[in-house]
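[1] Fold the following and give me the result.
(one chain, ligands or ions: 1)
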Amino acid sequence: MENKIKRIGVLTSGGDSPGMNAAVRAVVRTAITCGMECIGIRRGWQGLIQSDFVPLDAASVGHILDRGGTMLYTARSEDFRTEQGRQRAMATCKMLGLDAIVAIGGDGTFRGALEFSRMGMSVVGIPATIDNDIGCTNYTIGFDTACNTAIECIDKLRDTMQSHERCSVVEVMGRNAGFLALYVGISVGATAVLVPERGTDFEHDVIDRIRSARLAGNTHFMVVVAEGAGSAVDIGKKIHEAIGIEPRVTVLGHIQRGGSPNARDRETATRMGYFAVKALSEGRSNIVITTHDGSITEVNIEEALQMKKSLQMDRYEVLEAVGISMPHR
Ligand code: F6P
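    Prediction:
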């Protein structure tokens, strides 16, 4: 069967994440292997509106597999939320002769892609965000590297907290989700972890845990706060008011989004990029590429956007049991 898709556009949109470049590379190289041309759209959906593009060949995506950030730049486009903005983006697609768009990003990116598909453009989404908060997929590109970056920082903080016998309150990213905080909290052996998915009982979840750790002989404490669960500065103040110790507060911030992608992110991004283009070459579109138990799968984009993912509370139980032993709430 003749492949109807001759030229595809690829873009990265929303917050960047380590591994986006690996996905771009895989999309471009697979497209060429499948006899398609590939055009890079710079600055996400905004770039499509502004006709900001760069033709990509196999060599132009060389030496990016190991690089953080995105060679295509990224943006959060307000204009693309409007009908008028999307019309202009469609005009760019027509002018460039694009038959499909591969959009690499998170929830906002896919909402834009869905609207665009409703106007007749074929789209495929590849989930990439350090938040891991996309309902249709077990895993999003960049999450593992971001966890490792946060862990590395917190391990360093622990050295100085231990020397000075202090309490550290560390805020990690994740927007409205606690995946990053929970995985990192387990991995650094945090005294307490606050996530937005679980209502915080400050006395039980923070103060009692610090107290128990102290009674067990610990003299330094690590409290990890997901940004969606509150401000680390406020938590630090409350700890001071409640038990008199003066925590040192660290907001890890955008450092978590940078850095060379690790093995998991390079491998997942490469496979997702490959499967995105394969799907297009086989006549399937308007889907999001997903992972399920380690395999790459796909979900219709409309359904994908309705799917919810809950934080695995069994992991929270592990954290509670292993961090320090506490009686049940
Ligand atoms: O979605 C990724 C993310 O890093 C979130 O964890 C965070 O809340 C947000 O982006 C920060 O966005 P910005 O880079 O626009 O400050």
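[2] pLDDT wise, what is Lys278 at?
    pLDDT recorded at Lys278 is 98.
[3] Touching, it and Val27? I think so.
    No: taking Cβ atoms under 8 Å as the definition, Lys278 is not a contact partner of Val27, at 10.5 Å. C-beta coordinates here come from the backbone N, C-alpha and C atoms, glycine included.
[4] Which residue is the nearest non-sequential neighbour of Ala177?
    Asp133 (3.8 Å; Cβ to Cβ, 6 or more residues apart in numbering).
[5] the domain parsing of this protein - what is it?
    Domains of the chain are assigned by automatic domain parsing as 7-142+261-306, 144-257.
[6] okay, those in JSON lines with mean neighbour count and distance to Met313 next?
    Listed next are the domains of the chain as JSON lines, based on neighbours: other Cβ atoms under 10 Å; distance: least, Cβ to Cβ, whole Å:
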{"stretch": "domain 7-142+261-306", "mean neighbour count": "21", "distance to Met313": "15"}
{"stretch": "domain 144-257", "mean neighbour count": "19", "distance to Met313": "7"}
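[7] I'd like the ones you listed laid out as JSON lines, including distance to the ligand.
    JSON lines is the format used below for the domains of the chain (distance: least, Cβ to the nearest ligand atom, whole Å):
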{"stretch": "domain 7-142+261-306", "distance to the ligand": "3"}
{"stretch": "domain 144-257", "distance to the ligand": "3"}
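[8] Asn176 belongs to a strand?
    No: the assignment for Asn176 is coil, going by DSSP: H, G, I helix; E, B strand; the rest coil, so no strand is present there.
[9] Can you pull out the residues in contact with stretch 80-100?
    Residues from elsewhere that reach stretch 80-100 (Cβ atoms under 8 Å, 6 or more residues apart in numbering): 4-9, 39, 44-46, 48-51, 53, 77, 79, 101, 112, 115-116, 119-124, 280, 285.
[10] actually stretch 22-32, sorry about that
    So stretch 22-32 is in contact with 8, 10, 12, 37-38, 40, 56-58, 60-61, 64-65, 70-72, 102, 104, 126, 128, 141, 261, 265-266, 269-274, 276-278, going by Cβ under 8 Å, 6+ apart.
[11] May I have that stretch as PDB, with CA atoms only?
    As requested, the backbone C-alpha atoms of stretch 22-32 are provided in PDB (Å, rounded to 0.1, in the frame of the first residue of the first chain):
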ATOM      1  CA  ALA A  22      16.400  11.700  21.400                       C
ATOM      2  CA  ALA A  23      12.800  11.600  20.400                       C
ATOM      3  CA  VAL A  24      13.300  14.200  17.700                       C
ATOM      4  CA  ARG A  25      16.300  12.200  16.300                       C
ATOM      5  CA  ALA A  26      14.300   9.000  16.200                       C
ATOM      6  CA  VAL A  27      11.400  10.700  14.400                       C
ATOM      7  CA  VAL A  28      13.600  12.200  11.800                       C
ATOM      8  CA  ARG A  29      15.700   9.100  11.100                       C
ATOM      9  CA  THR A  30      12.700   6.800  11.000                       C
ATOM     10  CA  ALA A  31      10.900   9.100   8.700                       C
ATOM     11  CA  ILE A  32      13.800   9.100   6.300                       C
END
